[in-house]
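S.K.: How does the following fold in three dimensions:
(chains A, B and C)
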Amino acid sequence: MTQEKTFLAQDRYFGPSEKQKNIALQLYTQVADLPLVCPHGHVDPRMFADPDYTFGTPTEMLIIPDHYVFRMLYSQGIPLENLGIPRVDSGQVEQDYRKIWQIFAENFYLFMGTPSGIWLKQELYEVFGIDEKLTGESAQAIYDTIAAKLAMPAFKPRALFEKFNIEVLCTTDAAHDTLEHHQAIRDSGWSGTVIPTFRPDAVVNLGSPGWRENVNKLSDAVGYNVDSYTNLVHALEERRVFFKMMGARATDHAALTAYTGELSLQEADAIFQRALKGKASDEDATRFTGHMLIEMARMSIEDGLVMQLHVGSFRNHNPVIFDTFGADKGCDIPITSEFTRDLRPLLAKYGNDTRLHLILFTLDETTYSRELATLAGHYPTIKIGPPWWFHDSLNGMQRYFEAIMETAGIYNTAGFNDDTRAFPSIPARHDVWRRAAANWVAGLVARGLVDMEDASIMIYELAYNLAKKAYNL
Amino acid sequence: MTQEKTFLAQDRYFGPSEKQKNIALQLYTQVADLPLVCPHGHVDPRMFADPDYTFGTPTEMLIIPDHYVFRMLYSQGIPLENLGIPRVDSGQVEQDYRKIWQIFAENFYLFMGTPSGIWLKQELYEVFGIDEKLTGESAQAIYDTIAAKLAMPAFKPRALFEKFNIEVLCTTDAAHDTLEHHQAIRDSGWSGTVIPTFRPDAVVNLGSPGWRENVNKLSDAVGYNVDSYTNLVHALEERRVFFKMMGARATDHAALTAYTGELSLQEADAIFQRALKGKASDEDATRFTGHMLIEMARMSIEDGLVMQLHVGSFRNHNPVIFDTFGADKGCDIPITSEFTRDLRPLLAKYGNDTRLHLILFTLDETTYSRELATLAGHYPTIKIGPPWWFHDSLNGMQRYFEAIMETAGIYNTAGFNDDTRAFPSIPARHDVWRRAAANWVAGLVARGLVDMEDASIMIYELAYNLAKKAYNL
Amino acid sequence: MTQEKTFLAQDRYFGPSEKQKNIALQLYTQVADLPLVCPHGHVDPRMFADPDYTFGTPTEMLIIPDHYVFRMLYSQGIPLENLGIPRVDSGQVEQDYRKIWQIFAENFYLFMGTPSGIWLKQELYEVFGIDEKLTGESAQAIYDTIAAKLAMPAFKPRALFEKFNIEVLCTTDAAHDTLEHHQAIRDSGWSGTVIPTFRPDAVVNLGSPGWRENVNKLSDAVGYNVDSYTNLVHALEERRVFFKMMGARATDHAALTAYTGELSLQEADAIFQRALKGKASDEDATRFTGHMLIEMARMSIEDGLVMQLHVGSFRNHNPVIFDTFGADKGCDIPITSEFTRDLRPLLAKYGNDTRLHLILFTLDETTYSRELATLAGHYPTIKIGPPWWFHDSLNGMQRYFEAIMETAGIYNTAGFNDDTRAFPSIPARHDVWRRAAANWVAGLVARGLVDMEDASIMIYELAYNLAKKAYNL
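M.R.: Purely as a prediction, here's the structure:
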């Protein structure tokens, strides 16, 4: 306890005033031990399908798969090869994981004041019991401690899942996915709830890398040739049935912009045929995605799957890194987004149908108060997703609460999701949100805007219940 | 007093630190009882023309006319029909006002932390003496209390106007308006000052619903056929003379964007002729409005009426609601705005003429520090209007102060206006502003940026005098 | 000391909570007396070349050259002629400097809560010992005090440079500049370090006023006719060699947007030839600048000069003021900026080359968290410059820290620069930054995000070391 107070203060992240801190701690305490609801993330379901799964070395668990971490190191001139990031050509990269760990530890000061720094510190302390600072000096001893823990049964994914008190964990899966790991989890008799999410981007966004192969995989999955727009729609509908049968509650869609616009069947098929011939233009791709989003809204109305839409990430911005190391290497950079005009065709058609549940995510914080809060504060179909990606941070959350809640109210938001591949970081991420939410509500109490009775309801909703309701979990 | 402390704290909305709270309360106390200057709003002048006017039931006063309120209920899936919102086809909607009130009360928790929640709580307490929370349980008793008060002479609009200590109230009136209610107020001998504002959008914005009818009404008002651009300009000039004679101090202009650009007389008339034939394009409408804004600036220079320009609202975004219930039903959604390039033609022509007083409003907060503060900190003609619509809130005001005042200084802003149809909410709205302003200035004092002598001047200007000066009231 | 406490509190600008204030004061004290590193500014090198240089009257020092000051006075309707601003036609303007000073003093209240107000108050107190408020009453006495001081040897620029503890001061100089004043400083044996910065905008931006004359001046400087694109590139390369020899560590580039895009040699020359004939279009100018920025990045890789890029200022927005008084008269207004797509061609080519050091500045704060922090948190070539121009303020800095640091970390930022022409204001400007930085770091400590050991490192980096490293000083 004394240890906790010095290394990781109980009232951390609260403030600025003492009054707010005290109220925040009181509210946080009410929700700190609630189960974790994880409605959107990228954890590999194999972890839970294979009872013997291990995370490998500390470096394989914490550095190599985490682009939040290695993008910062790269920004300071450390080559990705030196960090063991695999090359697409299987060329030589550092294989000495202790050496990589040493580089990481010596540069850990780069993360001062960043969310990655906060998550890592808390994860190392709470999951692995590390109560000293990660530096060049402490690097190898800390490595040893983590490695020893990882060899223990209590650090298998299923054990951690239970220790973390995860109520439900949703993965993200391609439209063609066999969901074999999800099946294996079900078959295993293990009690943890891990369910898939239907993400058809790879066949819907014509310009995405490997589109043609993904259409072939979809054809294999449905057992017929997806060679027309009509077939594509049928195939997606069938796969949604399968995903739903496997427990899915939601779909997920990424697009460069929120553009929506309906095509005639003829137009849609003409574009699809051009794409099959490798001749679709950028405009084709934009229009096709814009049409398919409306189609996906229709399917959601029919089958009840919650529809998530993430926009505004310019993927693979750095061609040198993409060519050498592939996608998801920290090179996705946000652009401005627009929802008011772009979403209007979809909303004009389905925006008043209360069977549709559309959760919107943005990387452009200027849309919070201007567009998202005002849309969600009117349309019964819209909920606002939590602060996304780079904005999943203490300041990002504060800006989110302050810009959105006055106009939308908390009940038009979708609570929190951790959106992570880094399974052991999940408790730290939810804890940051719960603390940030408690602190925001405490600020309302301290300024006489809500009383403690309402504040207790608000923190319960924000910390736990809103996510559960928004995703029908 | 003890009651007030528990139900509505005297130092509410101040903070976060104790020091700032104490200074804020001191500053607020200096201005809390100053008269209310209301230079821009949408209160119906009939309220004051007819000494027997009543607000009807609590539901007719607080829910049915207030789209801030029913948009939130609609966003959670409650049909507008259930809330008694009249349909344009006069179809069946709920007529049981107690039942509507019950729905409202049961869902009042949706407004936790929102400005509507704050206004309503304060209005119910300070105007109607309600000191318990509005819930499903308390709903009917509170309804009874309000209804009983509304039946009393002290709750007639004129009595409330005097109780509220309103120094002047400006209404908003179409160019063709006869201003008969304003005339009746004058003729009545009542001492309250209620004056009109000239708002010609309905004939200037060619694409606005009912444009042709409004041109006809303008023709009727001036007694000749407004069948050419030249006639339109003459008609508007004549109506401005009439409005000025009736006490108007300002005009008001809404546009989708701040685009300005001069047309030749020939071009302007050609567009007007196309509009009369129902053949004006969207581009015609944009260019015509952009030209007319420059013309309006010229007229303001000549007749001294202050010119207000509001931009960035995409009106009637939800076609289903617009078709069923009409305009102003909570479906106006903001878009991005641009002032630097768009206003340049107007400013190049009239921006240095100190006879022009141009007050700008935005729904795009990104323009605060980037464009509005920098323009107002240079051009002698520009003042920045208060945080508008969705941004008329505690956080909205704080962002406004922090983003604008460093570059523009307080003297290039236009104080506060309540911009409301909801007459009984006026004191609550001004109180929120006065408290937010006191708290902002207190923050400057607490951080050693201004001394108490300057702080007292600043709060007086912000709470009262800036609005009065900006509108020549 | 007591005096200081009352007139200028030691803990000024810190807060809001007492805890944060105390930590901030502790951190600030650690760096308050560190030397000033001034890597970017517009101080005239003649000040230090001529040992007899004087600042003239208080009005000539503080009002006439400072567009931050007179733009605010102009915004309230005071003609620039009345403030002694010289006309381009040498027409009559006020020559009575005491009268101008009186106007300034009577209107000094306009600067309440503004950075100019803060800087002036602190400068008057700390440099000139003025410990009373500047008002109409105190105006002439304060004028006398300043004038008396300015006549003393201790108030010569070199003496102030030493008193201010300036470690290095970088000026900004045109590509054709002979750097004669820099040479004179070197020759004088004076110990102060004043070095040039290479700014070729006047010949690179084809649309800039006087472009043709500036090309001629460049021709004179290199001794051959700059009559082709190839010659231009050669000339710029030669001048960079000269600037480097004279101590330059950096180049500086201003552009309306961050657009970059490579041209073929043929295209580049065709545009240059059109420009020589006075026939370059706006699009030509945009494309040429976009190409030259990539060329400049190449040169920086080759010669090691740090590359600065400032975008988003619409210069000379007010044509009446520009025609009457010329450039830099407070009429430059920001526009929206875009970096993700615009910089991609440059970054695709050179973004991974660690020899390139590219420092980016923006006037569009929405790009902080969306684009700049995410780019700088990945590309090893990018550092983010300090909050620029209108955002060089307490709130501007706070927004900068909060929006950028979580994603970029402090080590991808370039510390502070004062960017000023107003030499005597330099200590005040750095002090505001050091206080704002100390307060931000103190907030992290108060909320348990960093410990005091890390906080001490962070404040040292922010206050002093980051700027030094970013500019190789």
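S.K.: Quick check: the residue of chain A nearest chain B.
M.R.: Nearest to chain B, among the residues of chain A, is A:Gly448, at 3.3 Å (C-beta to the nearest C-beta). (Each C-beta comes from the backbone N, C-alpha and C, glycine too.)
S.K.: so A:Ala175 touches A:Phe198, yeah?
M.R.: Yes - at 6.6 Å, A:Ala175 counts as touching A:Phe198 under the criterion of C-beta atoms under 8 Å.
S.K.: which residues do these two both contact?
M.R.: When contacts are counted by C-beta atoms under 8 Å, 6 or more residues apart in numbering or on different chains, A:Ala175 and A:Phe198 are jointly contacted by A:Arg239.
S.K.: Point out where the stretch 151-300 of chain A drops to low pLDDT.
M.R.: Along the stretch 151-300 of chain A, no part satisfies pLDDT under 70.
S.K.: for A:Asn472, what are its contacts?
M.R.: Contacts of A:Asn472 (C-beta under 8 Å, 6+ apart): A:Arg249, A:Gly304, A:Val306, A:His357.
S.K.: Strands - which of the residues you listed land there?
M.R.: Residues of the contacts of A:Asn472 located in strands (DSSP state E): A:Val306.
S.K.: picking that back up, quick one: the residue of chain A closest to chain B and A:Gln20, what's the gap?
M.R.: Going from A:Gly448 to A:Gln20 by C-beta to C-beta, to the nearest Å gives 12 Å.
S.K.: try A:Tyr13
M.R.: From A:Tyr13 across to A:Gln20, the span is 11 Å (C-beta to C-beta).
S.K.: what about A:Pro200, neighbour count?
M.R.: Neighbourhood size, A:Pro200 [other C-beta atoms under 10 Å in any protein chain shown]: 24.
S.K.: How much space separates it from C:Leu83?
M.R.: Separation of A:Pro200 from C:Leu83 (C-beta to C-beta) stands at 65 Å.
S.K.: now swap in A:Arg98 and tell me
M.R.: A:Arg98 is 68 Å from C:Leu83, by C-beta to C-beta.
S.K.: neighbour-wise, which of the two wins?
M.R.: Counted by other C-beta under 10 Å, A:Arg98 and C:Leu83 do not tie: C:Leu83 has more neighbours, with 21 against 14.
S.K.: Of A:Tyr13 and A:Gln20, which one has the most company?
M.R.: Using other C-beta under 10 Å, the more surrounded residue of A:Tyr13 and A:Gln20 is A:Gln20, with 25 against 21.
S.K.: Next up, identify which helix or strand that one is on.
M.R.: helix A:18-31 (DSSP states H and E).
S.K.: Tell me the helix or strand right after that helix.
M.R.: strand A:36-38.
S.K.: and that following strand, what does it pack onto?
M.R.: Counting contacts by 3 or more C-beta pairs under 8 Å, 6 or more residues apart in numbering or on different chains; DSSP states H and E, strand A:36-38 is packed against strand A:166-170, helix A:426-446.
S.K.: what about the residue in the stretch 151-300 of chain A that chain C sits nearest to, distance to A:Thr366?
M.R.: Using C-beta to the nearest C-beta, the single residue of the stretch 151-300 of chain A nearest to chain C is A:Leu256, 10.8 Å away. From A:Leu256 over to A:Thr366 the distance is 17 Å, taken as C-beta to C-beta.
S.K.: in the stretch 351-473 of chain A, which spans are helices?
M.R.: For the stretch 351-473 of chain A, the helices defined by DSSP state H, counting those that start in this stretch occupy A:366-367, A:373-376, A:394-408, A:426-446, A:452-460, A:466-470.
S.K.: Output those as a markdown table; include the columns mean pLDDT.
M.R.: A markdown table is the format used below for the helices of the stretch 351-473 of chain A (pLDDT from 0 to 100):
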| stretch | mean pLDDT |
| --- | --- |
| helix A:366-367 | 98 |
| helix A:373-376 | 98 |
| helix A:394-408 | 98 |
| helix A:426-446 | 98 |
| helix A:452-460 | 98 |
| helix A:466-470 | 98 |
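S.K.: Pipe those helices into JSON lines and attach mean neighbour count per row.
M.R.: Shown next, in JSON lines, are the helices of the stretch 351-473 of chain A (neighbours: other C-beta atoms under 10 Å in any protein chain shown):
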{"stretch": "helix A:366-367", "mean neighbour count": "24"}
{"stretch": "helix A:373-376", "mean neighbour count": "27"}
{"stretch": "helix A:394-408", "mean neighbour count": "23"}
{"stretch": "helix A:426-446", "mean neighbour count": "24"}
{"stretch": "helix A:452-460", "mean neighbour count": "18"}
{"stretch": "helix A:466-470", "mean neighbour count": "22"}
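S.K.: between the ones you listed, which gets nearest to B:Gln102?
M.R.: Nearest to B:Gln102, of all the helices of the stretch 351-473 of chain A, is helix A:452-460, at 19.9 Å by C-beta to C-beta.
S.K.: next one: the closest one to chain centre, how far?
M.R.: 26 Å (C-alpha atoms, centre = their mean, to the nearest Å).
S.K.: okay, which residue is most central for chain A?
M.R.: Centroid-nearest residue in chain A, with C-alpha atoms, centre = their mean: A:Asp419, separated by 1.8 Å.
S.K.: was I right about it contacting A:Trp388?
M.R.: Yes - contact criterion C-beta under 8 Å: A:Asp419 and A:Trp388 qualify, at 7.0 Å.
S.K.: can you give me the helices in the stretch 201-350 of chain A?
M.R.: Assigned by DSSP H, counting those that start in this stretch, the stretch 201-350 of chain A shows helices spanning A:201-204, A:211-222, A:229-245, A:265-276, A:282-303, A:319-325, A:344-350.
S.K.: Fine by me, we can end here.
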